[in-house]
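Asker: Dropping a prediction and its sequence here:
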Amino acid sequence: MRAYFRIALIASLCTACSVGPDYKQPQIYSDIDLNKTIGISANPNLIINHQWYKTFNDEQLNSLIENGLKANPDVKNALEKLRQSRLQAKIVRADFAPTVNTQGEYVDAKNFQTPEIKTTSDYFTVGFDATWEIDIWGKTRRQNESTQAMLQAMSNNFDNVKITLRAEIAKAYINYRLNEKLLDVIKENYRLQTEIANIVKAKYNAGLADDLALNQAHSAQLQSQMQIPDFEIALHKAKNTLSTLTGRLADDLNLSKSDLLERIPQITSEGLTQLPADVIRARPDVQYYERYLAAQNAQVGVLMAQLFPNLTLNGLLGWQNNTLSPIFASPYEIYSLGGNLTMPLLNWGKIRNNIKIQESNVRQAYNDYQKALLAGTVDISNAIKNLKGQQNRLHYAKINRQTNKQILELSLSKYKNGLVDFSDILYAQENKLNADKEYCQTLAALYTGIAGFYKAIGF
């Protein structure tokens, strides 16, 4: 037994060595350069709420996002992948300890060599055997390093799926409300055209309008009626999109009216440009690729360890007897100790070529990490620019909407008094409709831009 412990002690002292490259997080771009490219100033004290969507003050949206985070299939799959990574990490950690098995055997054998000579065997054996692969070159430690990095990567992937889902549900909900609002606008336009057609008909009956004006009024009514089914179809599709994202059937959504697109969200320039210094590196998708790079780097060490001798210790402890009752008595004790040393001799470059392939995988993972950093920079830069542009556009869309409403009202008043032609009414009415639609679309684009901004910064 003492010899066994001496072997184990020597082997343990040898485990201080780990072959393969040690991982260092690559500094491809500095945070200062990244933030300068985006045009933001770092604010280390800034706290951003992951529940940013609650600033929209819409309880239906809040409920859809919170339920979607529980029921969406992509979120559930990402969670399962995270659980698998945790189990894999436990499996690898188990390789640090010896593998112990128990065994039992019963033998009842008779051997008749001659009629005068015969031998019999009748005994029970129970015991334990253990196998321990000594991690001299760090193979198990590198594997553990790799699985721990992948566990962190899967955690980042899970966070990224949730961030993406929050933004996508918000965008789908805003699109649903936009189509709902546009449907109301076109129905209101049809109601207004009906009033105008009645005015034209009254003037026609009085001999103050001709057939052209009457037919033009009816044609305008029909054009509005033709658009109503289009917006109803778009509204139906928008609801089905929400259904898919939230993991629920469309009939279970039960969406009531909302005043979301009647309120203008308050976004300040400071809120867009003052962000944490590491906002890009903190994005879960960027962190995923960084951790994946670390995992691939550790796998190089796992393969390199195969080039060196491998030491495995074996041990057996058991008891044997020809009856069951005194089976654990000391005279029947059996044990064995041993070791196995193996080393690759001739494999025609298989191991070294596998190492080269893995080194190529590391370089590809490095490129993916660089690509993720660049993509994060572009996403945030575009999101900020888009929000600022939509804010300015909404300002002018609001003025244009009010102006065209006044123009139509003045044109109708003058038409009733015979001061303008009916063509002027048609022109003013069409401009008002377009201005109303443009305002709704711009306001929805601003809300969507907010959702895209928080997705871009990893919230």
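Answerer: Ah, there it is.

Asker: any idea where the helices of the stretch 151-300 of the chain begin and end?
Answerer: 211-246, 269-273, 284-304 (DSSP state H, counting those that start in this stretch).

Asker: mind checking which of those helices is nearest Cys17?
Answerer: helix 284-304 (10.6 Å; C-beta to C-beta). C-beta: built from backbone N, CA, C; applies to glycine.

Asker: Between the helices of the stretch 151-300 of the chain, which one is closest to Glu438.
Answerer: helix 211-246 (15.2 Å).

Asker: Give me the helices and strands touching that closest one, please.
Answerer: helix 59-71, helix 139-205, helix 422-456 (3 or more C-beta pairs under 8 Å, 6 or more residues apart in numbering; DSSP states H and E).

Asker: so where's the stretch 51-200 of the chain shaky on pLDDT?
Answerer: 108-123 (pLDDT under 70).

Asker: For stretch 278-297, which outside residues touch it?
Answerer: 20-21, 23, 25-26, 31, 34-35, 38, 40, 145-147, 149-150, 152-153, 156-157, 159-160, 163, 276, 358, 361-362, 365-366, 368-369, 371-373, 375-377, 380, 457-458 (C-beta atoms under 8 Å, 6 or more residues apart in numbering).

Asker: May I have the residues that are in contact with the nearest residue to Thr140 once chain neighbours are set aside?
Answerer: Excluding the flanking residues, the one nearest Thr140 by C-beta to C-beta, 6 or more residues apart in numbering is Asp95, at 4.7 Å. Contacts for Asp95 (C-beta under 8 Å, 6+ apart) come out as 133, 135, 140, 143-144.

Asker: related to what we said a few turns ago, tabulate the helices of the stretch 151-300 of the chain (JSON lines), appending distance to Asn49.
Answerer: Converted to JSON lines, these look like this (distance: least, C-beta to C-beta, whole Å):
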{"stretch": "helix 211-246", "distance to Asn49": "21"}
{"stretch": "helix 269-273", "distance to Asn49": "12"}
{"stretch": "helix 284-304", "distance to Asn49": "16"}
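
Asker: do you know which of those lies nearest Ser85?
Answerer: helix 284-304 (10.1 Å).

Asker: picking that back up, could you flag which of the contacts of stretch 278-297 are buried?
Answerer: For the contacts of stretch 278-297, a neighbour count by 16 or more other C-beta atoms under 10 Å gives the buried set as 20, 23, 34-35, 38, 40, 145-147, 149-150, 152-153, 156-157, 159-160, 163, 276, 358, 361-362, 365-366, 368-369, 372-373, 375-377, 380, 457-458.

Asker: so who does the residue positioned nearest the centre of the chain touch?
Answerer: Closest residue to the average C-alpha location of the chain: Val161 at 1.8 Å, with C-alpha atoms, centre = their mean. Contacts for Val161 (C-beta under 8 Å, 6+ apart) come out as 74-75, 78.

Asker: Need the residues you listed in CSV (columns: neighbour count).
Answerer: Compiled in CSV, the contacts of Val161 are given as follows (neighbours: other C-beta atoms under 10 Å):
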residue, neighbour count
Asp74, 15
Val75, 18
Ala78, 20
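
Asker: Dump those residues into JSON lines; add distance to Lys237 and secondary structure as well.
Answerer: Putting the contacts of Val161 into JSON lines (distance: C-beta to C-beta, whole Å; DSSP: H, G, I helix; E, B strand; the rest coil) gives the following:
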{"residue": "Asp74", "distance to Lys237": "20", "secondary structure": "helix"}
{"residue": "Val75", "distance to Lys237": "23", "secondary structure": "helix"}
{"residue": "Ala78", "distance to Lys237": "26", "secondary structure": "helix"}
